[in-house]
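**Q** Sequence and predicted structure are below.
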Amino acid sequence: MSLLDDVNEPADLDRLTGDQLRLLATEIRAFLVDAVCRRGGHLGPNLGVVELTLALHRVFRSPRDRIIFDTGHQSYVHKLVTGRRDRFTGLRGRGGLSGYPRRAESPHDLVENSHASTALSYAEGLARAYALDRTERAVVAVIGDGALTGGLAWEALNNLATSPGRVVVVLNDNGRSYAPTVGGLADHLGGRHGGEAGPGLFESLGLSYLGPIDGHDVHQVEAALQKARAADQSVVVHCVTRKGYGHRPSETDEADRLHSVGVIDPLTGRPASMPGRTWTDALSDELVAIGASDPDVVAVSAAMLGPTGLAAFGERYPDRTVDVGIAEQHAVTSAAGLAFGGKHPVVAIYATFLNRAVDQVLLDVALHRLPVTLVLDRAGITGPDGPSHHGMWDLALLGAVPGLRVAAPRDETTLREELREAVAHQDGPTLLRFPKARVDDEIPALYRSGGVDVLRTATAAPVLLVAVGAMAASTLRAADLLAEAGVECTVVDPRWVRPVNPALTALADEHALVVTVEDGIRDGGIGSSVALALADAGVGAPVRALGLPTSFIPHGERAGLLAEHGLDPSGICAAVLHQISTLPAGLDPRDRSQSSLTALHG
Ligand SMILES: Cc1ncc(C[n+]2csc(CCOP(=O)(O)OP(=O)(O)O)c2C)c(N)n1
Ligand SMILES: CC(=O)[C@@H](O)[C@H](O)COP(=O)(O)O
Ligand SMILES: [Mg+2]
């Protein structure tokens, strides 16, 4: 019987002695290594917060007191001590335990948004609400040194000093985001600016400061938290920890301390199976090649050089590579500055995180028609990271940006080609998007017509299938299924999906039904742009837009989630057949006669 087996709620920690707490921490690490290596997830971040989380749950009485984890990727220990041990076998799978706090899972989870740098703002507002009600409930925000590089966190700190709400800010300073945390703040916390790290900075903002504290010493952390709890103003408790602590492959992983892993061998930290070539790998290689011939290209990342494929560019051209920290807004506006200065910035960001910087794309970049290329990795369904990480809003949110040209490559060749076209474009911003997946097999075009790649044709095919980027493979397989059902289709990849290419409009005019397929939300997506363009051009073919619903899609495996939303070959086929069945009598595209077209086109 282990100590961990007896911990089913935070109160179970109260009776443990110092030695038992140390033993429990060891058991928790063994549990985490085993569970995360089997399922994938955030390993290094959680190994670093074991003692800190035990101390938090001994000092504060969750859920009456509120503990908010910034980003939430480091909440596994919190889940373990709040009764969710048995659910780790399904970690991040469909219907299984989420990799982030999740309200539906436990009353101990309040905030489940896993975009970084939000916790202090949630906490300030919550504490203010408790103060208004004169309710004695403590509010704690746990924030990493990486998340503290985000501007939102500083907006919150600025407000905390004068807020009636008191917040205990636990700064988990492990010196890293993925890679070592960069910038003046990181240098300050690391003592690289000389003098004592912490007090000067936070006290000058009107907050109290305690630390630096050894974040792996439960008693030291507890003592500091007790003091912070009793203070009459907001306090920063500065805990120094080691990312990946207690697991050699994590602690020694140079890239990111095994920040976020797939299924790996616990002894070596290496992937259990060959990961295969991803879209990110293809982007990485082509950008290095472009950098060799174009000295004006500058790569910009928001704390994710490695995961977005910019690390190789950074090794080759360190002077032309910028990591701005978790600061997507600054990344985009500073890219605008670079472009004003004659450079061509390539800003690589996960699609979901660009949501942060929509205004910057709109007014700081597009208004000035600046040549900035945005590369959106993890576009569409990402999978195990769940609702906040699916990159499904970009096309809809950015559809309103005048002059933004958007490309969605279907395979590695088109990714390379479209990236070069994007970087060559000087008159305004460009955007490329692709998913978190292996890059699909090459999909050759039969021919290119006015910039649109025609992937499949049949004589007098009545249905035009418009595949957006990575949806091309499934759309082509759907066309096979439809042919078996007696419906011939033309399948095209517009390559540049916005603005809608007039060549696509012309092609649509030769068909009785147009079906668009994309892995973003339908509402405001490419399908709706195509429908508008056809209507404006007086093309009468009805448009059926297939895509994701405007809803928060839970975590699960990417292929399964796409299928659940009808975006696999059989789903696309079924949707087309259904659409055909709704066409007015005489307009069945299986019997596409000139008269039916004439009738349709009025
Ligand atoms: C807005 C936003 N940008 C980027 C990310 C991706 N991301 C997740 S964790 C992380 C690093 C966080 O570093 P830190 O807060 O220090 O936590 P640690 O992993 O070191 O514990 C990044 C960049 C994110 N979740 N949200
Ligand atoms: C917490 C966070 O935002 C990242 O760690 C994210 O989970 C990484 O996702 P990938 O594993 O797709 O790189
Ligand atoms: Mg950190």
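**A** The structure has been received and is ready for your questions. Ligands and ions are numbered 1, 2, ... in the order given.
**Q** switch to C-alpha atoms for all contacts and neighbour counts from now on
**A** Fine.
**Q** With adjacent residues omitted, what lies nearest to whatever residue of the stretch 201-350 of the chain ends up closest to ligand 3?
**A** With C-alpha to the ion, the shortest gap between the stretch 201-350 of the chain and ligand 3 falls at Lys243, namely 7.2 Å. What sits nearest to Lys243 in space, not counting adjacent residues and going by C-alpha to C-alpha, 6 or more residues apart in numbering, is Gly48, at 4.6 Å.
**Q** Arg277 now?
**A** Once flanking residues are discounted, Arg277 sits nearest to Arg438: 5.5 Å by C-alpha to C-alpha, 6+ apart.
**Q** what is the one you found paired to in the beta sheet?
**A** Thr278 (DSSP bridges).
**Q** ok, for Ala311, nearest residue in space, not its chain neighbours?
**A** Of all residues not flanking Ala311 in the chain, Leu305 sits nearest, at 5.0 Å (C-alpha to C-alpha, 6+ apart).
**Q** one step back: relative to His57, how far out is the residue nearest to Lys243?
**A** In this structure, Gly48 and His57 are 16 Å apart, going by C-alpha to C-alpha, to the nearest Å.
**Q** So what's the residue count around Val454?
**A** As a burial measure, Val454 scores 19 neighbours (other C-alpha atoms under 10 Å).
**Q** Retrieve the pLDDT associated with it.
**A** If you check Val454, the pLDDT there is 98.
**Q** Kindly confirm my reading that it is in a strand.
**A** Yes. Under DSSP: H, G, I helix; E, B strand; the rest coil, Val454 falls within a strand.
**Q** what residues are up against it?
**A** Ala445, Leu446, Tyr447, Arg448, Thr490, Val491, Val492, Asp493 (C-alpha atoms under 8 Å, 6 or more residues apart in numbering).
**Q** Give me the three-state assignment for the residue nearest to Ala311.
**A** Classified using three-state DSSP, Leu305 is coil.
**Q** isn't it right up against Asp323?
**A** Yes. With contacts counted by C-alpha atoms under 8 Å, Leu305 reaches Asp323, the gap being 6.9 Å.
**Q** Neighbour count for those two, which is higher?
**A** Taking other C-alpha under 10 Å, Leu305 and Asp323 do not tie; Leu305 has more neighbours (25 against 20).
**Q** State the mean pLDDT of stretch 418-438.
**A** 97.
**Q** same thing with stretch 31-41?
**A** The model assigns stretch 31-41 a mean pLDDT of 98.
**Q** hmm, back to that, could you report the separation of the residue of the stretch 201-350 of the chain closest to ligand 3 from Leu258?
**A** Applying C-alpha to C-alpha to Lys243 and Leu258 gives a distance of 9 Å.
**Q** what residues do those two have in common as contacts?
**A** Gly44, Ser250.
**Q** Those two: which is more packed in?
**A** Lys243 (29 against 25).
**Q** Next up, the contacts around that one.
**A** Lys243 neighbours (C-alpha under 8 Å, 6+ apart): Gly44, Pro45, Asn46, Leu47, Gly48, Asn174, Arg176, Ser250, Glu251, Arg257.
**Q** now the residues you listed in a markdown table, with distance to ligand 1?
**A** Listed next are the contacts of Lys243 as a markdown table, based on distance: C-alpha to the nearest ligand atom, whole Å:
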| residue | distance to ligand 1 |
| --- | --- |
| Gly44 | 7 |
| Pro45 | 4 |
| Asn46 | 7 |
| Leu47 | 9 |
| Gly48 | 7 |
| Asn174 | 6 |
| Arg176 | 5 |
| Ser250 | 12 |
| Glu251 | 12 |
| Arg257 | 9 |
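**Q** Mind listing what's buried along the lengthiest helix in the chain?
**A** Identified as the longest helix of the chain according to DSSP state H is helix 18-39. Neighbour counts over helix 18-39 (16 or more other C-alpha atoms under 10 Å) mark 21-29, 31-39 as buried.
**Q** before we move on, what about stretch 200-219?
**A** Buried-residue list, stretch 200-219, by 16+ other C-alpha under 10 Å: 202, 206-219.
**Q** before we move on, the earlier item: and the longest helix of the chain, what does it pack against?
**A** Helices and strands touching helix 18-39, by 3 or more C-alpha pairs under 8 Å, 6 or more residues apart in numbering; DSSP states H and E, are helix 44-47, helix 50-59.
**Q** quick check: mean pLDDT across the shortest one?
**A** This predicted structure assigns helix 44-47 an average pLDDT of 98.
**Q** cool, the last one as well?
**A** Helix 50-59 shows a mean pLDDT of 98 in the predicted model.
**Q** Could you check the angle it makes with helix 18-39?
**A** 120 degrees (axes from the mean of the first three to the mean of the last three C-alpha atoms, to 10 degrees).
**Q** and the residue in the stretch 401-550 of the chain that ligand 1 sits nearest to, what does it touch?
**A** Ranked by C-alpha to the nearest ligand atom, the top residue of the stretch 401-550 of the chain for proximity to ligand 1 is Lys436, at 14.1 Å. By C-alpha under 8 Å, 6+ apart, the contact list for Lys436 reads Thr278, Trp279, Thr280, Asp377, Arg378, Ala379, Ile381, Thr382.
**Q** Around ligand 1, which positions in the stretch 201-350 of the chain sit nearby?
**A** Neighbours of ligand 1 within the stretch 201-350 of the chain, by C-alpha under 6 Å from any ligand atom: Ala303, Met304, Ile326.
**Q** Mind checking which of those are buried?
**A** Here, 16+ other C-alpha under 10 Å leaves Ala303, Met304, Ile326 buried among those.
**Q** From ligand 2, how far out is the second one?
**A** Going back to what we said before, that points to Met304. For Met304, the distance to ligand 2 equals 9 Å [C-alpha to the nearest ligand atom, to the nearest Å].
**Q** Does that residue touch Thr181 like I think?
**A** No. Contact criterion C-alpha under 8 Å: Met304 and Thr181 do not qualify, at 10.4 Å.
**Q** before we move on, back to that, take the buried ones among the residues of the stretch 201-350 of the chain next to ligand 1 and write them to JSON lines, including pLDDT.
**A** Converted to JSON lines, these look like this (pLDDT from 0 to 100):
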{"residue": "Ala303", "pLDDT": "98"}
{"residue": "Met304", "pLDDT": "98"}
{"residue": "Ile326", "pLDDT": "98"}
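**Q** re earlier: for the contacts of Lys243, pick the one with the most neighbours.
**A** Going by other C-alpha under 10 Å, Pro45 tops these with 31 neighbours.
**Q** My guess is it contacts Gln74. True?
**A** Yes. Under the criterion of C-alpha under 8 Å, Pro45 makes contact with Gln74 at 5.4 Å.
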